Structures are given as C-alpha cells and as structure tokens.
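1. Show me the folded form of this:
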Amino acid sequence: MSNLPSQPLRVADLSTNKPTRFELIPDEASLRAIAEELGLLGLRKLRFKGEVAASGKRDWVLKAQLGATVTQPCVVTLAPVTTRLEEPTERRFVADLPEQEGDAGSEDGVEMHEDDSLEPLGSHIDPAAVMIEALSLALPLYPRADGAEMAETNFTEPGKAAMTDEDTKPFAGLAALRDQLGQKGED
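-> Numbers count the residues shown, from 1 in each chain. Modelled structure (predicted):
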C-alpha cells in the first residue's frame, strides 16, 4: 500500500462509517533511518498493518499488527542478536483526554495516564509515528546471545579480600552466622 514516509491521516477526512485501512512497509532507506534512530544494528521485514476506526462521536481507535526482525548488540558480548517481533498495537485517540488526579500544578512533573493506549486527538493521526513508537516499546531491553553469561569481576584495594556477588546476597551473612553458631554448639 504505502512506504515511508507516509502521510498522516487527516481526521476530518476519515470515514465515521467504515474503518480506514493502512499497511506500512518501509523501504531500505527508511529501515536504515529507523534502525539508526532506535540504536539498532539492523532492521528488516518491518510491517505495520491495521485500521483506524471511529469510536463514539469524536474519538478514534487505531488497531494494528507490528511485525519486524531486529538486530541488537548483546548486553554481555556485544555480538549481534536477532529477534523476531510480532506485536498487536492499539492506540485510542480521544478528543477529551481525562485528567489524572494531581496533574494540574504537580511539582513532580507530568504523570502518565493509567491507560497507556490513550493519546490526545489532534487534527491528524500518524500511523508511521505509532509504528516507530510500538517498535521501540517492543524491543528486548537486554538482548543476550546464546551462551553469553556475565563473568564475575572483583575489585578491591591491595591486601584486602574482594567482595563477591555471593557476599552481596541478603542472607549470605546469616548463613555464615548460622555456620559459626553450629560450630560453637558442637564444641
């Protein structure tokens, strides 16, 4: 149907009686640009297919299926890790976005709404922007190559015993105390 860059859908032109279907399949240049934007080593087979339909009198719902093959660096070895993603995506564009309690005048900044599929309705709905956001949210946070394990590294001052990962466990001290008490009871 269309390749990126796509034209955002003008809300005033959308049919309220039937869904507006779309399918985005970015070309090679767009795939490289998206991969660079998201810090990926590679991106292929990206497809975003769905529809935008009216929901009530003034709101709209975008439902789509995201499919992509991404390559990221392993968090341990930096070796390329390839992952296939298949994610359903839904965004609700609402004319009157409900306010969260504490939103107005909050000193801590803006709070996220409980329903993370809600978006404020503007004059356009951009499936390409939703696709890139959905892709970034679907990416594995800590991709790991097969067999890659973190090695234990210990650092300390010369002449002192290094603290190990085992020492940082909350009950390691209790186990040592239990062992000491067991030895005293045997004496």
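2. ok, A12 to T20 distance?
-> 12 Å (Cβ to Cβ, to the nearest Å). For every residue, glycine as well, the C-beta is placed using N, CA and C.
3. So for the two, which residue has more residues nearby?
-> T20 (17 against 7; other Cβ atoms under 10 Å).
4. Hmm, E51 and that one touching each other?
-> Yes - assessed by Cβ atoms under 8 Å, T20 is found in contact with E51 at 6.2 Å.
5. count of neighbours near A134?
-> 22.
6. How about it: what's its closest non-neighbour residue?
-> T89 (4.3 Å; Cβ to Cβ, 6 or more residues apart in numbering).
7. so who does that neighbour touch?
-> For T89, the contact set (Cβ atoms under 8 Å, 6 or more residues apart in numbering) comprises 48, 50, 62-66, 130-131, 134.
8. so how far is F48 from the nearest residue to R10 once chain neighbours are set aside?
-> Leaving aside its sequence neighbours, R10 sits nearest to H124 (Cβ to Cβ, 6+ apart; 5.6 Å). To F48, H124 is 17 Å away according to Cβ to Cβ.
9. who's more crowded, these two?
-> F48 (25 against 15).
10. other SSEs contacting the host helix or strand of that one?
-> Assigned by DSSP states H and E, F48 falls within strand 42-55. Applying 3 or more Cβ pairs under 8 Å, 6 or more residues apart in numbering; DSSP states H and E, one finds that strand 42-55 contacts strand 20-24, helix 28-38, strand 59-73, strand 80-94, helix 127-138.
11. List the neighbouring strands of the fourth one plus their orientation.
-> Strand 80-94 has its sheet partners listed here by DSSP bridges as strand 59-73 (antiparallel), strand 118-120 (parallel).
12. Go through those and name the closest to Q183.
-> In terms of Cβ to Cβ, the element of the strands paired with strand 80-94 nearest to Q183 is strand 59-73, at 48.4 Å.
13. Point me to the residue sitting closest to the centre of the protein.
-> Nearest residue to the geometric centre of the chain (Cα atoms, centre = their mean): L137, 2.1 Å.
14. related to what we said a few turns ago, narrow the contacts of T89 to just the buried residues.
-> 48, 50, 62, 64, 66, 130-131, 134 (16 or more other Cβ atoms under 10 Å).
15. re earlier: so which bits of the strand holding F48 are buried?
-> Applying 16+ other Cβ under 10 Å to strand 42-55 flags 43, 46, 48-50, 52-54 as buried.
16. Farthest pair within these?
-> Every pair of these checked by Cβ to Cβ; the farthest is L43 and A54, at 32.5 Å.
17. low-scoring stretches of this protein, by residue?
-> By pLDDT under 70, the weakly predicted segments of the chain are 1-6, 99-115, 148-155, 163-168, 170, 172-173, 184-187.
18. and if we set it to 80?
-> 1-7, 97-117, 146-157, 159-178, 180, 182-187 (pLDDT under 80).
19. coming back round to it: and L177, which of the strands paired with strand 80-94 is closest to it?
-> Of all these, strand 59-73 comes closest under Cβ to Cβ, at 42.4 Å.
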